[in-house]
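In: here is a sequence together with a model predicted from it:
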Amino acid sequence: MAFVQFSQISLAFGDRDILKNVSLRLASGSRAGLAGANGSGKSTLMKIIAGLIPADSGDRAIQRGTRVSYLPQSGIVHQGKKLREEAETAFEPARAMLLRAEEIGAGLEKAKSDGGKTALLLEEYHRLQEAVEVSGYYRREAGISAVLTGLGFSEADLERDTAEFSGGWQMRIALAKALLEQPDILLLDEPTNYLDI
């Protein structure tokens, strides 16, 4: 089971403690809510969980291969790409893994005489190939269409420039990308913005 775990996480901005000695564990399949007053550090904690900002102190443990996606509450603007192209950016980690697998393939050609090194390279190559398969990369076209139409976009919208969409639709684009990442842990900041969808 995929998980992230934090112990005694603290973060301060200047002399103001935002988070102090926070501990939590999130696992795939569980549901958790984070409640608190405005400015109490909820968004900051989610960004730490997602790995977007570091904590000042504390321990972070994340199971290898755990995928965490974070959807902020506002400030999302997509532009410069067609909707379909923007949605496809959710698969960038899989593309990076495929590039690494190609590098390993080239390395295997050179490492034929070193049995130990070859075994390690083959193990990494196999792990990368499995991760790409699980990511849905090879079925991404069908996944993109299904998720976008499921969120209310039309087939014609798929070829529109993302800058043409209003703020609410920009949030749907971001949600689509988060869903296409097939995260083990999905963090929704201000989830009432998304749950009706």
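Out: That came through, no problem.

In: who touches the closest residue to residue 61 other than its chain neighbours in this structure?
Out: Nearest residue to residue 61, sequence neighbours excluded (Cβ to Cβ, 6 or more residues apart in numbering): residue 5, at 4.5 Å. C-beta coordinates here come from the backbone N, C-alpha and C atoms, glycine included. Residues in contact with residue 5 (Cβ atoms under 8 Å, 6 or more residues apart in numbering) are 24-26, 60-62.

In: can you list those in a markdown table and add secondary structure?
Out: Shown next, in a markdown table, are the contacts of residue 5 (DSSP: H, G, I helix; E, B strand; the rest coil):
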| residue | secondary structure |
| --- | --- |
| 24 | strand |
| 25 | strand |
| 26 | strand |
| 60 | strand |
| 61 | strand |
| 62 | strand |
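
In: out of these, which end up buried?
Out: Burial of the contacts of residue 5 was assessed by neighbour count (16 or more other Cβ atoms under 10 Å); the buried members are 26, 62.

In: out of the contacts of residue 5, which one sits closest to residue 32?
Out: Closest approach between the contacts of residue 5 and residue 32, by Cβ to Cβ: residue 26, at 6.3 Å.

In: so the residue nearest to residue 61 belongs to a strand, correct?
Out: Yes: assigned with three-state DSSP, residue 5 falls within a strand.

In: domain parsing for the protein?
Out: The record's domain parsing of the chain by automatic domain parsing lists 3-66, 83-183.

In: packing partners of the helix or strand bottoming out on mean pLDDT in the chain?
Out: Scoring the helices and strands of the chain by mean pLDDT, DSSP states H and E places helix 115-135 at the bottom, with a mean of 86. Applying 3 or more Cβ pairs under 8 Å, 6 or more residues apart in numbering; DSSP states H and E, one finds that helix 115-135 contacts helix 92-110.

In: let me see the mean pLDDT of the helix or strand following the least confident helix or strand of the chain.
Out: Downstream of helix 115-135, the first helix or strand assigned by DSSP states H and E is helix 140-150. Taken as a whole, helix 140-150 carries a mean pLDDT of 95.
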